[in-house]
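# heads up, no residue letters with this:
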């Protein structure tokens, strides 16, 4: 059965995988969804003997059905190469009874590398397939990690330009330095006055502006996205959950068919949605633990069935999760509505107009594999400190949120199912917050003094990605208001 893609809002159907990757967002503002979720056609035992690259092929071939075997394998092999600093690409570390899936060994030390290393290759292959003559402009909003990983992936890739918007005071110093020092003639960055939701809303508005698209078309450009709204970002993320299960099996940590839980620090909902897709494909995953920080809009949603972004936006020490509009949740809403695009479109319209919507009891029943939890700033700090003091294992502030929520979940439910925690960034990406969790206030030290001190305390080598920005030249200095984003795009493309 041929797999195609359709919009979650009903406006487009029968779209090929390569077309969906090129478009990023559907014309009606919806997200592309596969016409069905394919089942894994290899057993976990077979998958357990495969490399990361081989596993990636087995998962991705089922979704990207208009890519030839040679095309897909070429994309995979170019993506998952020596830019990862561990042979295993996504190693598992056991600490305090949980398995931490380390997704930060790529060139920008965050989990976004796992998908953004391959997206440029998928996109350029898709452009050739569809005989695209325009230059592809990747337009992305970032809460800190996507921006750098996307720029690193697309830097100097022929036939592309990449433009990234980030909230001026809403990312860590290391995240900001990584972005503003990015090399590449086709890379452009702008800080906006506002928060991540403002940046994301601005980008979506540009995507939905038909006049603007026409103007760009006349100049020889077309827009696409590197956010997890792009199916080409989401599909590669499914791989590491299948891989993690297979490796637990290989290492005899679990028996064949034994269920595991997965805990994911969640902002835009893409990473945990990928785990849900792995479950729907046949990976034996029992409960998906959705971990929020103090911006607990998702926790409240899973508790009540009402999604409500009308609340205070809180800046936390886990900035990549400081989000009140979780874009990828729309895909879960669509699935839980039984693929009813009209019902989904009505809910998204309500979110746009009033900032909230409520789902039906039937839809909630279909989401019962998810549980929500949240961690306060104090709990997150305490969890990082305790894990480090008890085991010597150091995690960043986002992984700390997931670790806290998992511990609370385990205590409340007495569920002792083996659990994989998605470890989404290197501790060095948020070094000040991590060091302060372990040792208290560090106000007097600058960022690199803190990084050096953290290395001494932890014994963990400073990653190359951090050493690079120590002396790198700042190349991007644009700052604008959220309502000037369109003008900024035109300025960059001029």
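Everything's here; your move. Values in this document were obtained by computation on a predicted structure and should not be read as measured data.

# quick one: average confidence on stretch 111-121?
Mean per-residue pLDDT for stretch 111-121: 95.

# and that stretch, how far out from the chain's middle?
Here stretch 111-121 is found 10 Å from its chain centre; the criterion is CA atoms, centre = their mean, to the nearest Å.

# Now the terminal residues of that stretch, how far apart.
By CA to CA, to the nearest Å, the extent of stretch 111-121 from end to end equals 18 Å.

# Start the count at 26 instead of 1 going forward.
That works, and once the first residue is 26, the last one we named lands at stretch 136-146.

# how much space between the nearest residue to residue 510 once chain neighbours are set aside and residue 372?
Of all residues not flanking residue 510 in the chain, residue 227 sits nearest, at 4.2 Å (CB to CB, 6 or more residues apart in numbering). All C-beta atoms are positioned from the backbone trio N, CA, C, and that covers glycine. Noted for residue 227: a distance of 22 Å to residue 372, by CB to CB, to the nearest Å.

# neighbour-wise, which of these two wins?
A direct count of neighbours by other CB atoms under 10 Å for residue 227 and residue 372 places residue 227 higher, at 24 against 21.

# which outside residues touch the helix or strand where the residue nearest to residue 510 lies?
For residue 227, the host element (DSSP states H and E) is helix 221-232. The contact list for helix 221-232 (CB atoms under 8 Å, 6 or more residues apart in numbering) reads 49-50, 54, 164-168, 190-192, 195, 217, 237, 248, 250, 252, 334, 338, 347-350, 352, 507-508, 510-511, 514.

# okay, the angle between the next helix or strand after that helix and helix 221-232?
Once the chain leaves helix 221-232, the next helix or strand it forms, by DSSP H and E, is helix 235-243. Here the directions of helix 235-243 and helix 221-232 differ by 70 degrees (axes from the mean of the first three to the mean of the last three CA atoms, to 10 degrees).

# show me what contacts the closest residue to residue 331 other than its chain neighbours?
In this structure, residue 331 finds its nearest non-sequential neighbour in residue 383, 4.4 Å apart by CB to CB, 6+ apart. Under the criterion of CB under 8 Å, 6+ apart, the neighbours of residue 383 are 330, 331, 332.

# The stretch 176-325 of the chain: helices as residue ranges?
Per DSSP state H, counting those that start in this stretch, the stretch 176-325 of the chain carries helices over the ranges 198-205, 221-232, 235-243, 256-275, 295-306, 322-329.

# can I get those in CSV with distance to residue 453 and mean pLDDT?
Formatted as CSV, the helices of the stretch 176-325 of the chain follow (distance: least, CB to CB, whole Å; pLDDT from 0 to 100):
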stretch, distance to residue 453, mean pLDDT
helix 198-205, 7, 94
helix 221-232, 22, 92
helix 235-243, 38, 94
helix 256-275, 21, 98
helix 295-306, 20, 98
helix 322-329, 27, 98
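
# Tell me which of the ones you listed sits nearest to residue 460.
Residue 460 lies closest, by CB to CB, to one member of these: helix 198-205, at 12.3 Å.

# Can you give me the pLDDT of the nearest residue to residue 313 once chain neighbours are set aside?
Residue nearest to residue 313 in three dimensions, not counting chain neighbours: residue 395, with 4.9 Å by CB to CB, 6+ apart. Listed pLDDT for residue 395 reads 98.

# How about residue 43, nearest residue that isn't a chain neighbour?
residue 151 (3.7 Å).

# OK, contacts around the one you found?
Contacts for residue 151 (CB under 8 Å, 6+ apart) come out as 42, 43, 44, 46, 47, 157, 257.

# make it 6 Å
Residue 151 is in contact with 43, 46, 47, counting by CB atoms under 6 Å, 6 or more residues apart in numbering.

# Which one of these sits in the busiest neighbourhood?
That'd be residue 46 among the contacts of residue 151, by other CB under 10 Å, with 28 neighbours.

# isn't it right up against residue 257?
Yes. Between residue 46 and residue 257 there is a contact under CB atoms under 6 Å: 3.8 Å.

# shared neighbours of those two, anything?
By CB under 6 Å, 6+ apart, the residues touching both residue 46 and residue 257 are residue 147.

# Tell me, how many residues neighbour residue 38?
Residue 38: 12 neighbours (other CB under 10 Å).

# Leaving out chain neighbours, which residue sits closest to it?
residue 31 is the one closest to residue 38 (CB to CB, 6+ apart), at 3.9 Å.

# roughly how far apart are residue 110 and residue 290?
Between residue 110 and residue 290 the computed distance is 22 Å (CB to CB).

# still on that earlier bit, distance of the residue nearest to residue 331 from residue 332?
Distance from residue 383 to residue 332, by CB to CB: 8 Å.

# Then residue 45?
25 Å.

# again with residue 242
For residue 242, the distance to residue 332 (CB to CB) stands at 35 Å.

# who's more crowded, those two?
residue 332 (23 against 12).

# what's the domain layout of this structure?
117-131+262-476, 158-252+488-519 (automatic domain parsing).

# CSV for those domains, including distance to residue 80?
Below are the domains of the chain laid out as CSV (distance: least, CB to CB, whole Å):
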stretch, distance to residue 80
domain 117-131+262-476, 5
domain 158-252+488-519, 20
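
# nearest to residue 79, of the ones you listed?
Ranking the domains of the chain by proximity to residue 79 (CB to CB) places domain 117-131+262-476 first, at 9.6 Å.

# on that earlier part again, output the helices of the stretch 176-325 of the chain as a markdown table; include the columns distance to residue 426.
Below are the helices of the stretch 176-325 of the chain laid out as a markdown table (distance: least, CB to CB, whole Å):
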| stretch | distance to residue 426 |
| --- | --- |
| helix 198-205 | 16 |
| helix 221-232 | 16 |
| helix 235-243 | 37 |
| helix 256-275 | 18 |
| helix 295-306 | 12 |
| helix 322-329 | 11 |
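
# and of those, who's closest to residue 472?
Comparing the helices of the stretch 176-325 of the chain against residue 472 with CB to CB, the closest turns out to be helix 198-205 (4.7 Å).

# for the closest one, packing partners?
In terms of contacts (3 or more CB pairs under 6 Å, 6 or more residues apart in numbering; DSSP states H and E), helix 198-205 is packed against helix 170-179.
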